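A.B. asks: what's the 3D shape of this:
(chains A and B)
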Amino acid sequence: MLNRERTPLTGRRVQLMATCLCDAFYDDVAAATVEVLEHAGVEVAFPEGQTCCGQPAFNGGDWPASRRVVRHTVRTFAGEDPVVVPSGSCAAMLFHGAVLEFEREPDAPAVEALGRRTWELADYLVNGLGVRAWPGRYPARVALHRSCHSRGSDSVAAALTLLRSIAGLEVVEFGEPEQCCGFGGTFAVTFPHLSGAMGQLKLDHVRAAAPDVYVSADMSCLMHLGGLAAREGRPIRTLHLSQVLRDALRGGEAKP
Amino acid sequence: MKGQAIDRFAATLPAETRASVYQSTKATHEKRTRLLFDQFADPDRLRALAGEIKQHAIENLDTYLPQAEARLRANGAQVHWAGTAEAACAHVLRIMRDRGATKMVKAKTMVSEEIELADYLGRHGIEALETDLGEFIIQIDHDHPSHIVRPIIHKNRREIATSFEREGLGAYNDDPATITRRARHHLRHKYLAADVGLTGANFLSAESGRIALVTNEGNSRFSVAATRCHIVLVGIEKIVPRDRDLGLLLNLLGRSATAQDLTVYTEFISGPRDPAQPDGPEEMHVIFVDNGRTEVLAGECREILRCIRCGACLNVCPIYRQASGHAYRSVYPGPVGAVLSPLLLKENFPQKADLPKASSLCGACHEVCPVNIPIPDLLLRLRARAKEENVPSPGTPPMGPWALLASQPTAWRAALVAGRALNVLPTRLIPVPALQAWTASRELPGWRGGEFRRWLKARRRPAPPAR
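C.D. replies: Next up is the predicted model:
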C-alpha cells in the first residue's frame, strides 16, 4: 500500500502517534508536533496506551512478534480519526510494512484501515490540510535529510514546500541526497561497520554544504548521524521538521 | 569471528577497491538517472509497465514456453530443457561431443556462471574461452565476477596489466586502449579456431522465437559468426510475450545497465543459418534452464524473476558500494542477489539467509529497477522465512521481550521511566549487545522517557479551535 491510497479527510481532529523514539529520547519533537498541529487548527488526541509501531521486529524478521505489537497499535488507535506521526518511517510501517506482514492474517482489513488513515506529519499538513505556506520566521541555512521511508511518498516534497515558505529560511542542497544514511533500524547494530561507513559518507556530504541545521522528518536517522558526529568530536546540529516549524512561529531558532 | 559475514568482508575490503567500486557505480547511476529523466516524461511509468509485462510473462510461462519452443523448432533451432545446472551442462557437453567439438567461444552470460559451465567443460576436456573482455580477465585470473554487468569492477588497470603480462600477452602496459587491443588480437584467432559459440539471451520472444542479445564489444556476434554451431543458454524467466515488448525493455535495459540509449550491438537471432544466407551457424540449440526458478515462481518472492540483469540496483545500493560484489558469496550480488541467490539454493537457503539481512531497506533498488521489483519487500519476506526456519543471525537483537513490553502499556510506561538508568550507568556496564554495538561508534542521546507524556498532562490546553 502507498500513502496515497487514503481515506479522505473530514474533520480537524487527529490522534498523535508520538513514536517510541520520541517517547524515550525526543520529547521536544513530540511537543513541537502537538504545537504545530494545533497552530494548523487541529485538535490533537494522544492515546495513552500507545507504544511502538512494530517496525523493529518487522525488519528483524520476527513477524509474529511484530504483529503482536501492530495488533496492540490497531486497538490503541481505534476510531476514524487520522493518525499523524512525526516520522516517515513509522508512518510507512503502518501503511506499508504492517499490511505486508498481515497479508495472510484474518485481521488484515483492520490493519489496512489503520494504514489508510495514517499520515506522516509534513504530508498531513501539506497534502491533507492543504497548507502551502508556513508563517513565522527562521533565519537559517537548512539542509533537509531525505529519510528512506519517504521514498515514493509525498513527504519530501511536502517538507520542502513548508521549509521553503518560511521567511528567512534557506534550503541548501548537498551531494547524493537519495543515499541512505546507514541507520536502517537493527541494521545499525547488526552491521555496525557498513552502517558507520554509510553514515560517514552522509556526514561528509552534509558538512560540505555547511548548513546551520540538518533537518529530518525522522529522528531515527538523526540519532544515528548525530551520534556518529558527536562521537567524532565534530557534532552537527540536528532538528526535527516539527521543531523548525514551531520555532519559526516563535521567530527563529530556540536558544538552548 | 563475531558479527555478520558481509559486514566483516566490507570492513576488510581494501580502500582502493572500495573507491573504484564507489566511483564507478555512482557515475553510472547518476548518468542513468539523467538519461531517463531527460529523455522520458515519466520514466517511473515505463518501469511500472515493463514490470507488468515481465510479471505477466513469468506468471504465464506455461503458455509462453511451449509457444517459444514451437516457434524455435519451426525456425530450425533445436530446443532442450534443463531442470538443473548439471542437466544444462550435460546438454552443452553432449551437443559438443555429437559434433566432435573441443573448442568453444563464450559470450558473457550470467546463467553460464550460475551453472558453472566453463569449469564443467574444462573438466571434460573442452576449452570454453570467455570473449567478453571483463569475463576474459576473470578467467585468466581464476577470479569471480563481482558485478552482473561489469564483472571486473573490483579490479584496477594495474592489476589487469600484471595479469596480461603473466599470461604472455605482452610486456606490462596499463593503458586501457593497449589492454583492449591486446585482448582483441588474442581473441580474434580463438574465434576462428572454435567449433561452437555460446551466448545467453537477454530476452526471448515467445511470439517469434527470436532472441535478443545486447553487448558493447561485439563479441557475441563474433562468437556466432565464426562458428558452425550456436548454443543459447537461457533462463526460463527471460521470455517475453511479443517482439514489440522488446522496444520498451531494450530501451530500459541499456539506460539502466550502462547509461546508454542502446548498447553498441543489439542482435536478434531467430534460428540457424537459412540456406539462402551466405554464412552463420548451421545449427542452433536453445537450452532452457530452470535450476530452481520454478520453485521461486511458486513462492512468495516470484517478482524477482522479472529481473533483466541490468545491475542498476547494484550501482545505487549503498551496501554494494561499501562491500563490493564478492561480499555476497554468490554469482548474483547486490540487492537482486540478496533475494535471488538464497532462493536458488532451494533447501540450502540457510547458507545464504544472511544476504537479505545485509540491507538498510532504503529502497533505492526498488526506485531504480527497470522492471519495478519491490526488492525491499522481498528482502523482508526472506528475513521472516529465515526467522521461521530458525536460521541463526549474529547480532540480531531478540524481539520477543520487546514485543511483550510494547503490547502492554503499563509495562511500557514503567520501562520509559526505568530507562533513566541509562543516564547514570556507564553504557559499557549494561549487558545489552545492541546497546554496546550502538555506542561502539555513536553517542546515545540522553534518556527522556515519559517526559513528553508529563508535558502533555501538565500543559493547559488552549481552547479548541473554532470549526
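
A.B. asks: quick one, strands of the stretch 101-250 of chain A?
C.D. replies: A:118-120, A:137-144, A:167-171, A:213-216, A:238-240 (DSSP state E, counting those that start in this stretch).

A.B. asks: Give the buried residues for the second one.
C.D. replies: Right, strand A:137-144. A:138, A:140, A:142, A:143, A:144 (16 or more other Cβ atoms under 10 Å in any protein chain shown). C-beta here means a position set from N, CA and C on the backbone, and glycine is covered the same way.

A.B. asks: and of these, the nearest to residue B:256?
C.D. replies: Among the buried residues of strand A:137-144, residue A:144 lies closest to residue B:256 (Cβ to Cβ), at 27.5 Å.

A.B. asks: what's near enough to touch the closest one?
C.D. replies: Applying Cβ atoms under 8 Å, 6 or more residues apart in numbering or on different chains, we find residue A:144 in contact with A:156, A:159, A:160, A:163, A:171, A:177, A:215, A:216.

A.B. asks: Looking at those, spot the one nearest residue B:168.
C.D. replies: Once Cβ to Cβ is applied, the member of the contacts of residue A:144 that ends up nearest residue B:168 is residue A:177, at 48.9 Å.

A.B. asks: show me the contacts for the closest one.
C.D. replies: With Cβ under 8 Å, 6+ apart, residue A:177 has these contacts: A:144, A:146, A:205.

A.B. asks: Tell me how far it lies from chain B.
C.D. replies: 11 Å (Cβ to the nearest Cβ, to the nearest Å).

A.B. asks: The stretch 151-300 of chain B: helices as residue ranges?
C.D. replies: Along the stretch 151-300 of chain B, counting by DSSP state H, counting those that start in this stretch, helices occupy B:157-166, B:176-193, B:219-225, B:245-258, B:293-298.

A.B. asks: Against which helices or strands is the first one packed?
C.D. replies: It refers to helix B:157-166. Applying 3 or more Cβ pairs under 8 Å, 6 or more residues apart in numbering or on different chains; DSSP states H and E, we find helix B:157-166 packed against helix B:133-141, helix B:176-193.

A.B. asks: sorry, back to before: any chance of the helices of the stretch 151-300 of chain B in JSON lines, plus mean neighbour count and mean pLDDT?
C.D. replies: Compiled in JSON lines, the helices of the stretch 151-300 of chain B are given as follows (neighbours: other Cβ atoms under 10 Å in any protein chain shown; pLDDT from 0 to 100):
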{"stretch": "helix B:157-166", "mean neighbour count": "16", "mean pLDDT": "96"}
{"stretch": "helix B:176-193", "mean neighbour count": "15", "mean pLDDT": "93"}
{"stretch": "helix B:219-225", "mean neighbour count": "23", "mean pLDDT": "91"}
{"stretch": "helix B:245-258", "mean neighbour count": "22", "mean pLDDT": "98"}
{"stretch": "helix B:293-298", "mean neighbour count": "16", "mean pLDDT": "98"}
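
A.B. asks: mind putting the ones you listed in CSV, distance to residue A:101 included?
C.D. replies: Converted to CSV, the helices of the stretch 151-300 of chain B look like this (distance: least, Cβ to Cβ, whole Å):
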stretch, distance to residue A:101
helix B:157-166, 45
helix B:176-193, 49
helix B:219-225, 44
helix B:245-258, 30
helix B:293-298, 21
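
A.B. asks: Nearest spatial neighbour of the residue in the stretch 1-150 of chain A that chain B sits nearest to, chain-adjacent residues omitted?
C.D. replies: Residue nearest to chain B within the stretch 1-150 of chain A (Cβ to the nearest Cβ): residue A:61, separated by 3.2 Å. For residue A:61, ignoring the flanking residues on the chain, the nearest one in space by Cβ to Cβ, 6 or more residues apart in numbering or on different chains is residue B:383 at 3.2 Å.

A.B. asks: Pretty sure that neighbour sits against residue B:355.
C.D. replies: No. Checked against Cβ atoms under 8 Å, the pair residue B:383 and residue B:355 is beyond contact range at 10.2 Å.

A.B. asks: Run through the residues of the stretch 1-150 of chain B sitting next to chain A.
C.D. replies: Within the stretch 1-150 of chain B, the positions adjacent to chain A are B:3, B:4, B:6, B:7, B:8, B:10, B:11, B:26 by Cβ under 8 Å from any Cβ of the partner chain.

A.B. asks: most neighbours, which of the residues you listed?
C.D. replies: residue B:7 (27 neighbours; other Cβ atoms under 10 Å in any protein chain shown).

A.B. asks: list the contacts for that one?
C.D. replies: So residue B:7 contacts A:190, A:191, A:192, A:193, A:194, B:358 (Cβ under 8 Å, 6+ apart).

A.B. asks: Farthest-apart pair in those, please.
C.D. replies: A:192 and B:358 (12.4 Å).

A.B. asks: Comparing those two, which shows the higher neighbour count?
C.D. replies: Taking neighbours as other Cβ under 10 Å, residue A:192 and residue B:358 compare with residue B:358 leading, 26 against 22.

A.B. asks: ok, now how distant is that one from chain A?
C.D. replies: 6 Å.

A.B. asks: does that residue really touch residue B:338, like I thought?
C.D. replies: Yes. Residue B:358 is in contact with residue B:338 according to Cβ under 8 Å; the separation is 6.4 Å.

A.B. asks: which neighbours do those two share?
C.D. replies: With Cβ under 8 Å, 6+ apart, residue B:358 and residue B:338 have common neighbours residue B:328.

A.B. asks: Provide the contact partners of the longest helix anywhere in chain B at residue level.
C.D. replies: Longest helix in chain B, counting residues (DSSP state H): helix B:15-39. Applying Cβ under 8 Å, 6+ apart, the external contacts of helix B:15-39 come out as A:176, B:43, B:146, B:150, B:153-156, B:255-256, B:258-259, B:261, B:312, B:314-317, B:320-322, B:324-325, B:368.

A.B. asks: quick one: it to chain centroid distance?
C.D. replies: Distance of helix B:15-39 from the chain centroid (Cα atoms, centre = their mean, to the nearest Å) equals 16 Å.

A.B. asks: Next: stretch B:41-53.
C.D. replies: For stretch B:41-53, the distance to the chain centre is 20 Å (Cα atoms, centre = their mean).

A.B. asks: Could you list the buried residues of that stretch?
C.D. replies: B:43, B:46, B:47, B:49, B:50, B:51, B:53.

A.B. asks: With stretch B:266-276 instead?
C.D. replies: B:267, B:269, B:270, B:271, B:272, B:273.

A.B. asks: And for stretch B:32-41?
C.D. replies: Per 16+ other Cβ under 10 Å, stretch B:32-41 contains these buried residues: B:32, B:33, B:35, B:36.

A.B. asks: How far does it sit from its chain's centre?
C.D. replies: 23 Å.

A.B. asks: Now do the same for it: mean pLDDT, whole number.
C.D. replies: Here stretch B:32-41 scores 97 as its mean pLDDT.

A.B. asks: And stretch B:369-384, by the same measure?
C.D. replies: 98.

A.B. asks: With stretch A:243-251 instead?
C.D. replies: pLDDT averaged over stretch A:243-251 gives 96.

A.B. asks: That one near chain B anywhere?
C.D. replies: No. Legend: contact between stretch A:243-251 and chain B by Cβ under 8 Å from any Cβ is lacking; minimum distance shown is 13.1 Å.

A.B. asks: Export that stretch to CSV, keeping only CA atoms.
C.D. replies: Extracted C-alpha coordinates of stretch A:243-251, given in CSV (Å, rounded to 0.1, in the frame of the first residue of the first chain):
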residue,chain,number,x,y,z
GLN,A,243,10.9,21.8,15.8
VAL,A,244,11.8,24.1,12.9
LEU,A,245,8.1,24.8,12.2
ARG,A,246,7.4,25.5,15.9
ASP,A,247,10.4,27.7,16.3
ALA,A,248,9.5,29.6,13.2
LEU,A,249,6.3,30.6,14.9
ARG,A,250,8.4,31.9,17.7
GLY,A,251,10.6,33.9,15.3
